[in-house]
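Novice: following is a predicted model, sequence given first.
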Amino acid sequence: MAETLAAAHRHECEIKRSRFLAIALSLDSAADAPALLAGLDDPSASHCCWAWRFGQDYRSHDAGEPAGSAGRPILAAIDGQGVDRVLVAVLRWFGGIKLGVGGLVRAYGGTAAECLRNAPRTPLVDLVQAEVHCAFEHIDASHRLFAGHGAAIIDTDYLADGARFVIELPRNALDALALALRESSRGRTQWRVADDG
């Protein structure tokens with residue numbers, strides 16, 4: 001099962017008098033990355049190189065280091081540690097000794113990997129939203145079934161013939177909840193997964 005970070009984590013090391021600080025954060029969406037990065041940049045650092053992955057979306061940036069020597073190794077560390085929905089920035093304070101491209105790859109990638117290796121993790125649960133329509137007499141039973149299947153109610157509308165709920169739940173609980181709702185209402189509860197169109 002894929003994992004993400006349970007909390008932000010930092011790792012600092014010194015390599016040939018240069019100081020490297022990796023900061024790993026979880027991402028709620030790919031759109032959050034620019035704002036998070038803006039908050040991590042330190043004007044006193046020589047470079048703030050970074051990479052992030054959110055599912056199939058990813059970006060990396062060398063921030064003035066030689067092309068491919070920083071951002072891609074950080075992204076490789078994210079992928080190598082098997083985490084998703086993660087952003088890692090590695091700040092460098094230049095210590096006066098050049099590392100060369102190979103040395104930079106090892107320094108940035110290694111610092112990011114060590115940070116992620118020690119970061120607290122949590123399983124990545126694939127959540128999905130569904131819309132449920134039920135008659136008034138089935139509302140209480142639906143509430144109990146939602147709770148029993150790990151579904152959170154996002155929105156509720158009361159209609160002339162009952163209620164419409166928008167719920168969010170783990171994708172792997174969908175079928176069991178749909179079956180339980182069908183059985184409890186004798187097939188009268190309507191159900192639609194939000195991303196099914």
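Specialist: Thanks, I have the structure now.
Novice: hey, where'd the strands end up in the protein?
Specialist: Along the chain, counting by DSSP state E, strands occupy 3-5, 9-15, 18-26, 47-54, 57-61, 86-93, 121-123, 127-134, 152-159, 162-170, 190-193.
Novice: export those to a markdown table and tack on mean neighbour count and distance to residue 105?
Specialist: Using the backbone N, CA and C atoms, a C-beta is placed for each residue, glycine as well. Shown next, in a markdown table, are these (neighbours: other C-beta atoms under 10 Å; distance: least, C-beta to C-beta, whole Å):
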| stretch | mean neighbour count | distance to residue 105 |
| --- | --- | --- |
| strand 3-5 | 19 | 23 |
| strand 9-15 | 15 | 12 |
| strand 18-26 | 22 | 13 |
| strand 47-54 | 24 | 11 |
| strand 57-61 | 17 | 12 |
| strand 86-93 | 25 | 12 |
| strand 121-123 | 13 | 25 |
| strand 127-134 | 19 | 36 |
| strand 152-159 | 12 | 43 |
| strand 162-170 | 18 | 38 |
| strand 190-193 | 14 | 43 |
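Novice: the residue nearest to residue 125 when sequence neighbours are not counted: what's it in contact with?
Specialist: If the residues on either side of it in the chain are set aside, residue 125 comes closest to residue 170, at 5.1 Å by C-beta to C-beta, 6 or more residues apart in numbering. Applying C-beta atoms under 8 Å, 6 or more residues apart in numbering to residue 170 gives the contacts 125, 126, 127, 128, 150.
Novice: could you dump those to CSV with pLDDT and distance to residue 11?
Specialist: Shown next, in CSV, are the contacts of residue 170 (pLDDT from 0 to 100; distance: C-beta to C-beta, whole Å):
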residue, pLDDT, distance to residue 11
125, 78, 26
126, 78, 28
127, 81, 29
128, 86, 34
150, 88, 33
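Novice: what is the nearest of these to residue 28?
Specialist: Distance to residue 28 across the contacts of residue 170 (C-beta to C-beta) is lowest for residue 127, with 11.4 Å.
Novice: and that closest one, how far from residue 148?
Specialist: For residue 127, the distance to residue 148 equals 17 Å [C-beta to C-beta, to the nearest Å].
Novice: my guess is residue 115 contacts residue 23, does it?
Specialist: Yes - assessed by C-beta atoms under 8 Å, residue 115 is found in contact with residue 23 at 7.4 Å.
Novice: and for the two, which residues touch both?
Specialist: Residues touching both residue 115 and residue 23 by C-beta under 8 Å, 6+ apart: 9, 10, 88.
Novice: closest to residue 48 out of the residues you listed?
Specialist: Residue 48 lies nearest to residue 88 out of the shared contacts of residue 115 and residue 23, by C-beta to C-beta, at 11.3 Å.
Novice: lovely, talk soon.
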